[in-house]
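Make a model of this:
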Amino acid sequence: MATQQPASPASSTLDKEASLEKDVPSKTEDPHKVPLYNAHVDVSGIDERKLMRKIDWRLIPWLSLLYLLSFLDRTGIGNAKLYHMTNDLHLNDTQYLLTLTIFFFSYAVFEVPSNVFLKRLRPSLWLSMLMLLWGIMMASLVHNYGGLLGTRWMLGVFEAGLFPGVNYYLSCWYKRSEFGIRAALFFSAASVSGAFGGLLAAAISNMDVIEGLATIVVGALSFFVLQDFPDTAKFLSEAERTVVVRRLQEDDQFSAAGEQLRWKYIFQSLLDWKTWVGMVCYSGSDMPLYAFSLFLPSIINQLGFKATPANLLTVPVYVFACIVTCAVNFCADKYGHRGYFNIGLLCLGGAGYIILISSRTPALSYFATYMATCGIYPIIPNTIAWVSNNVEGSYKRSVTLAMVISFGNINGAVSSNVYRAQDAPWYPLGHGLVLMYVGFGVVTSVAMLYFLDRENKARERGERDEVIGNDEGDEERAKRNGRWASDEEATCAPVLEIVCTAASLHTTPPLTMTIPLANSSLDVESPRPKDVGVLAVEVYFPRRCISESELEDFDGVSKGKYTIGLGQEYMAWPDDREDINSFALNAVAGLLEKYNIDPKSIGRIDVGTETIIDKSKSVKTTLMDLFAESGNTDIEGIDSKNACYGSTAALFNAINWIESSSWDGRNAIVVAGDIAVYAEGAARPAGGAGACAILIGPNAPVVFEPIHGNYMANTYDFYKPQLSSEYPEVDGPVSVVTYIAALDAAYSAFKEKHARYAKRIGAKADFSLEDVDYAIFHSPYGKQAVKGHARMLFNDFLSSPTAPRFANVPNPDAFLNATHAESLRDKNVEKTFIATGKAGFAEKVDPAMACSRRLGNMYTASLYGCLASLLANVEPSTLKGKRFSLFAFGSGCAASFFTARVKGDTTEIREKLDLINRLAQMKVVPPQEFVDALHLREKNHNAADYVPEGSIDNIWPGAYYLEGVDSKYRRKLDVFVFGWCAWEHFLLTISFSHPFTQQIDAVFPSECLELEHALSALKTRYARGRVELAKVFAAGFNFVHPYGSLEHTAASRFDLASLEVLNFGTLTI
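Next comes the predicted model:
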């Protein structure tokens, strides 16, 4: 079967991603907003992976060569000492150590000024000029102590610009998530320089001159080899340059446009304990690094080896260091637990230095140098990554890392003075001080682990928050690259003023009701249908999901950021084979088939979705294909749209229609469905996908009660102004506060209406969480449901602070005296009532969280997926008679608080849903497959003449999927149906043409009702148009439709031969 409908205009992959940067509706255009780069350039043919590999090969090897020469030039003096440099220049030990030390002072002083010049000049000019200058210093003919001292000082001046300059330079090419591995490869040049320096020193004695000349040659070549910035790179085409810049825009990086450092970020870094612990931890390996590099040749020489053998024997030590560094950091990236790698390797390195102190055997001491290097080289990049992963806020992170690295470099001056000539040949003072630094590294690594573990446990208890968002449109927040230094900063006063002004919860006058409540016994003039509610429920979701825990490792973020901070376990997602039309079709088709619903019994279909693929044509019109064969075209209803709230508007419309004078006696279907995907960044883990179809009618087992507390306001917390992209504009801090403020307002309005209604019928006036057995929340991510439950509890506390359940609330007066605005941003309120309501959450909310945890954020389907989870999780006998509340929320914003009661038996709903079992059957796939699928969706979005590339094997059996989009943007959908052999799980494929649909009735006798019904469902799906290929089953098989299997006892009377006699086509087994 094929259904067709128009789609939206096509656009390129990166046009869609980067278009979030422009045309954001606002009252005042932000002059600081970054426009879409080269909007006129078509980048649809660019493969990002190939492009980044091309950039890697052009940048990283040459930059590593620069750092190799830099490290070689600064540490080559250690090799030169073996060739009697101190005798030639008449240096005593103190003078030699001072020449080593003076380098680090100029190196530290000129790092920042050098980076300023790099930003003002071109990298190819500034870095090349620095190389030429320090090469001249190395090639200088030094004849005395003063000349050597001046040369080392100037060498520090000129080399100071390389390391910070290259790091800034790389940040102008790569996204934050791509920077770490490039930095590690760049740093590996330090160990390579040690090996190369030993070989070079063994070959020639005039090392400074030769190394200096090599540096001059490479510096001259760098004028031509080094590229400047992506927008001017000559080795890239215009389209490739455009892709690189747009990728940085999508990553919210503005370094190429000139970043500004503010004092507040320095203060935030100074107040963070991780900065100080990280500084000491890093120095525990950085000081030994310089000591090891400067004195390894001398250490080996004093063990009895001459100059040339001593230099040669340093080569395998550095080669080993390079291998261990790469291996350790690969494992740390893959498995996490960087702290344990630090502790283990530092202990191994410390053991090596203990051997060096105590050993008097050259072979054993030489072996100990290999152990020592394990506690030095791998720790440098591992510690930098560890600190970086655990500091939030991009500017705060940059300041923290700068302080950590700078403190480590200062200790290079210490390392220059610990290996004294009088301590030769065993250097107990030098080895002892290095061992002390290694000990500092171990202690601070343990401390870091302890405090991070304590922090994680605090987050698990709900005492921390994770604010997600793409903070466009505000200069201050944009500079944070979508991240905040703290929850308090995220929920800042300006945000609260916007929300609280709209809410005005404490100043709103009492509401007056002008019409009687629907479905009540008050003022009813004519009979109305009774007990309108849920008759049946079906949920459709993609076949694949990813583990949020694995995504944490994949994204390189700290453990628990998604699983604890967002409260998510898995996330579902489709590739380009599915869209909102196929989602809705699958949900409604499953509802009709599972519950054997007559299509003619449906008089209204309301759809709630915010996944828009056409500006005019509704999703509801696509669903009419399911009713074509029945001839039922008299169906009211259409799509409703307002972020995640559209489904609740659809539900209220359906209920109101049934309870109105327009009702014609038929039932209604409410459809909620969305595909929640985000651009790469902080919000991406909060995505998800799914759809729900709910049959609404009278005499239902689950009955919606008539009172609704509602709230609406104008906010820009989440919206989708760009139809050229699926990705939304997200202001995470505003969204978090808007959700809580909307809950407060809707809950308050509900309680007021409930009190007036209860007074009129003589019932209990007060309403609280105690009046419901379960509470269901719109759940964009699991942590938000935790906060919502805590907020309702806080509202109950304000109404009845002396209630026994609040007896253990600490300092209650502080909460009672706080203003509403203050309570919204008071993290103590949230923390206290999350803790107070922990048991209540497990009892009332957790039973409804199965879909949310497995599928993630389904937008409009989120709330009703939670409803389905409750019906599937709780035994019908337990659920009967119970009451539950629902909080619906949509950004922008709209919200409703209402209640429902289970009056009948929900056994059929639970059995037909089979939800928990079906969720468990999803395929958990690697995060890379998820990223690849999003790239396919980007190609599909608004594209014409498009054939999806995603595998049909990733579609549930029997599900609708997108077959293609033609030149007029009409979307063609088909059905994937197959069957399994009951005894060997064969797949039987039968090719046949349209006459099959007429032959079904002839080949099945009346007593084979189940099999006939199953194949009739297949026939119905294929009723329109010519069938080109279908996959069905024959005798002894179980028919596998989208949501389970039907077993057929009478099917054994048909065999494969009968199929051949009927000439259905070729059998393939």
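
Contacts made by stretch 799-812 with the rest, please.
751, 766, 768, 770, 796-797, 815-816, 832-833, 836 (Cβ atoms under 8 Å, 6 or more residues apart in numbering). All C-beta atoms are positioned from the backbone trio N, CA, C, and that covers glycine.

From the opening residue of it to its closing one, how far?
Criterion Cα to Cα, to the nearest Å; first-to-last residue distance in stretch 799-812 is 12 Å.

what does stretch 535-554 give?
Where stretch 535-554 begins and where it ends lie 43 Å apart, using Cα to Cα.

in it, what counts as buried?
535-552, 554 (16 or more other Cβ atoms under 10 Å).

Would you mark the buried spots in stretch 582-591?
582-591.

nope, stretch 364-374 is what I was after
In stretch 364-374, counting by 16+ other Cβ under 10 Å, buried: 365-366, 368-369, 371-374.

Can you lay out those residues as TSV showing pLDDT, secondary structure and distance to residue 889?
Below are these laid out as TSV (pLDDT from 0 to 100; DSSP: H, G, I helix; E, B strand; the rest coil; distance: Cβ to Cβ, whole Å):
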residue	pLDDT	secondary structure	distance to residue 889
365	79	helix	68
366	82	helix	68
368	85	helix	63
369	83	helix	63
371	89	helix	58
372	86	helix	58
373	84	helix	56
374	83	helix	53
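
My guess is residue 595 contacts residue 693. True?
No. Using Cβ atoms under 8 Å, residue 595 and residue 693 do not qualify as a contacting pair, with a distance of 10.1 Å.

circling back to that earlier point, just the buried residues of stretch 582-591 now: which is nearest residue 407?
Taking Cβ to Cβ as the measure, residue 407 lies nearest residue 583 of the buried residues of stretch 582-591, at 53.8 Å.

Can you check what pLDDT the model gives that closest one?
pLDDT recorded at residue 583 is 96.

Could you pull up the residues touching it?
540, 574, 673-675, 689-691.

ok, and it, which helix or strand is that part of?
helix 580-594 (DSSP states H and E).

Next secondary structure element downstream of that helix?
Once helix 580-594 ends, the next helix or strand along the chain (criterion: DSSP H and E) is strand 602-608.

what does that following strand rub up against?
If you take Cβ under 8 Å, 6+ apart as the criterion, strand 602-608 is touched by 584, 588, 618-620, 623, 627, 632, 634-641, 645-651, 653-654, 657-658, 663-673, 860.

List buried residues within these.
584, 588, 618-620, 623, 627, 632, 635-637, 639-641, 645-651, 653-654, 657-658, 663, 666-673, 860.

Helices - which of those land there?
Among the buried ones among the contacts of strand 602-608, the residues falling in helices (DSSP state H) are 584, 588, 619-620, 623, 646-651, 653-654, 657-658.

Return the member of those residues nearest to residue 134.
Using Cβ to Cβ, those come closest to residue 134 at residue 646, 63.8 Å.

Roughly how far does the closest one sit from residue 343?
52 Å (Cβ to Cβ, to the nearest Å).

next one: residue 321
Residue 321 is 19 Å from residue 343, by Cβ to Cβ.

Good, we can wrap up now.
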